[in-house]
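Colleague: model the structure of this input:
(one chain, ligands or ions: 1)
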Amino acid sequence: MRVGVLTGGGDCPGLNAVLRAIVRKAERHYGDEVVGFRDAWDGVMERRMVPLTVETMRGLLPRGGTVLGTRRGSPFDSANGVALTQATMSDMGLDGLIVIGGNGSLSVACKLHHEHGMNVIGVPKTIDNDIEGTDVTFGFNTAVQIATDAIDRLHTTAESHDRVMVVEVMGRHSGWIATYAGIAGGAAVVLIPERPFDIDEVCERIVRRHQRGRFASIVVVAEGATPKSGTLEAIDRKVDRFGHQRLGGIGNVVATEIGERTGFETRPVLLGHVQRGGTPTAFDRVLSTRFGVAAIDALHDRAWGHMVALRGDRVVHTPLVDVIGRTRPVDISLFDDVAQLFFA
Ligand code: F6P
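Modeller: Numbering: from 1, shown residues only. Sure thing, here's the model as predicted:
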């Protein structure tokens, strides 16, 4: 077969490992030819492609980011985008396209399949871990490790200065990174999108902790955490030309409020894209490799319109249509019964 592949949405540790695995199995096992599209859908529409071979994939397993490049946007953003995409597929003699992306890219892939008959296979990707249908996405484990390492380092400053440190982590719609890093890093409070917060309650907890003689407190805030309505002024969010809201900044608001309301010295730390950069953990390298192998197998099974997924310890495939348009919330019992047990 002749196979196209693209990486869409935000970059994520493990993307190159998925590409490497697809190419390895495609070339060595099936005798396929694989081409990579540069810059996601832009590269498909503009026919910017590179041959991917076992040789050119060497050394990519531990490398962060994506060697193909990535962009937001899709063929549905312009009047002739779908026609250009279809023309590339047929003119280049491609039998199928593997789309490695988050909720946005997978929705586009699903639509291209169901409305335009395109042969697509999805691979779920996001550090946020918020894609339905899979127990976990690659990149999440790495992001949690980076956030936990940062929290460990912040503990020493917090203790030395008797400060409250507010750590903002990623998590647009779901509090997975915040909950895991909060548990792993011993946070006194964790704020997540699934549970709008009351700043008075947060301050009471920290004051109570200080009254018990524990001064240094770590507060972990997911970037998508929001105050309960009427308790704090909402942040003015900027939206890019694709309708993608630029988050980040709630950590500053929370730190300022805690400082002013409690009188405790409080500092914000916004981890931002540090969480998405650099080498994937061993767990993510293995998961990415398994997803890549499963994606090329799914393509040979002609499981068009499906994405690969982890269920328990097995990699399966599942229809994209059951997955898109939803976000996977954090396991709320993990938050309520485990994370909260350690709150101040
Ligand atoms: O979806 C993953 C994610 O890392 C979100 O947590 C974050 O809000 C977003 O990407 C940031 O996107 P960008 O890199 O385009 O600013």
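Colleague: buried stuff in stretch 43-54?
Modeller: 43-45, 49, 52 (16 or more other CB atoms under 10 Å). Every C-beta, even on glycine, is put in place using the N, C-alpha and C of the backbone.
Colleague: can you give me phi and psi for Arg2?
Modeller: Main-chain dihedrals, Arg2, degrees, to the nearest 10: phi -110, psi 120.
Colleague: identify the residues contacting the residue in the chain that the ligand sits nearest to.
Modeller: Using CB to the nearest ligand atom, the closest approach of the chain to the ligand is made by Met170 at 3.4 Å. Contact analysis of Met170 by CB atoms under 8 Å, 6 or more residues apart in numbering lists 127-128, 143, 177, 222-223, 271-272, 275-276.
Colleague: likewise Ile177?
Modeller: Contacts of Ile177 by CB under 8 Å, 6+ apart are 127-129, 140, 143-144, 147, 169-171, 222, 275.
Colleague: wasn't Asp269 part of a strand?
Modeller: Careful, residue 269 is Val and not Asp. Yes: under DSSP: H, G, I helix; E, B strand; the rest coil, Val269 falls within a strand.
Colleague: quick check: it touching Val164?
Modeller: No: contact status for Val269 versus Val164: not in contact, 11.1 Å apart, counting by CB atoms under 8 Å.
Colleague: which one's more surrounded, these two?
Modeller: Between Val269 and Val164, Val164 has the larger neighbour count (other CB atoms under 10 Å), namely 28 against 19.
Colleague: pretty sure His317 sits against Leu310.
Modeller: No: His317 is beyond contact range of Leu310, at 10.9 Å (criterion: CB under 8 Å).
Colleague: can the longest helix seen in the chain be found next to the ligand?
Modeller: In the chain, ranked by residue count with DSSP state H as the criterion, the top helix is helix 140-161. No: for helix 140-161, no contact with the ligand is found by CB under 6 Å from any ligand atom; the gap never falls below 8.1 Å.
Colleague: distance between the helix or strand just after that helix and the chain's centre?
Modeller: Counting by DSSP states H and E, the element after helix 140-161 in chain order, helix or strand, is strand 164-169. Distance, stretch centre to chain centre, for strand 164-169: 20 Å (CA atoms, centre = their mean, to the nearest Å).
Colleague: is the helix or strand just after strand 164-169 anywhere near the ligand?
Modeller: Next helix or strand after strand 164-169 toward the C-terminus (DSSP H and E): helix 176-185. No: using CB under 6 Å from any ligand atom, we find that helix 176-185 stays clear of the ligand, coming within 7.9 Å at best.
Colleague: what mean pLDDT does helix 176-185 have?
Modeller: What helix 176-185 shows for mean pLDDT is 98.
Colleague: what comes into contact with stretch 53-70?
Modeller: Applying CB under 8 Å, 6+ apart, the external contacts of stretch 53-70 come out as 5-13, 15-17, 19-20, 23-24, 27-28, 34, 36-40, 43, 50, 276-280, 285, 289.
Colleague: 6 Å instead, please
Modeller: Outside stretch 53-70, the residues that touch it by CB atoms under 6 Å, 6 or more residues apart in numbering are 7-8, 11, 13, 15-17, 20, 23-24, 27, 36, 38-40, 277-279, 285.
Colleague: so which of those sit within strands?
Modeller: Taking DSSP state E as the definition of strands, these contribute 7, 36.
Colleague: and this structure, which residues reach the ligand?
Modeller: So far as CB under 6 Å from any ligand atom goes, the chain lies against the ligand at 10, 102, 126-128, 170-172, 223, 247, 276.
Colleague: rewinding a little: report the two of the buried residues of stretch 43-54 separated the most.
Modeller: Met45 and Leu52 (19.1 Å; CB to CB).
Colleague: just the buried residues of the contacts of Met170.
Modeller: Buried residues within these, counting neighbours by 16+ other CB under 10 Å: 127-128, 143, 177, 222-223, 271, 275-276.
Colleague: ok, which pair from those is furthest apart?
Modeller: Ala222 and Arg276 (14.6 Å).
Colleague: in the stretch 1-150 of the chain, which spans are helices?
Modeller: 15-24, 41-45, 81-91, 103-116, 140-161 (DSSP state H, counting those that start in this stretch).
Colleague: just the stretch 151-300 of the chain next, same as before
Modeller: Using DSSP H, counting those that start in this stretch, helices in the stretch 151-300 of the chain cover 176-185, 199-211, 250-262, 282-300.
Colleague: between those, which gets nearest to Ser74?
Modeller: Nearest of the helices of the stretch 151-300 of the chain (CB to CB): helix 282-300, 19.7 Å.
Colleague: and the helix or strand following that closest one, what does it pack onto?
Modeller: Next helix or strand after helix 282-300 toward the C-terminus (DSSP H and E): strand 306-311. Secondary-structure packing of strand 306-311 (3 or more CB pairs under 6 Å, 6 or more residues apart in numbering; DSSP states H and E): strand 120-124, helix 282-300, strand 314-319.
Colleague: tell me which residues in strand 306-311 are buried?
Modeller: 306-310.
Colleague: as JSON lines, the residues you listed with pLDDT would be great.
Modeller: Listed next are the buried residues of strand 306-311 as JSON lines, based on pLDDT from 0 to 100:
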{"residue": "His306", "pLDDT": "98"}
{"residue": "Met307", "pLDDT": "98"}
{"residue": "Val308", "pLDDT": "98"}
{"residue": "Ala309", "pLDDT": "98"}
{"residue": "Leu310", "pLDDT": "98"}
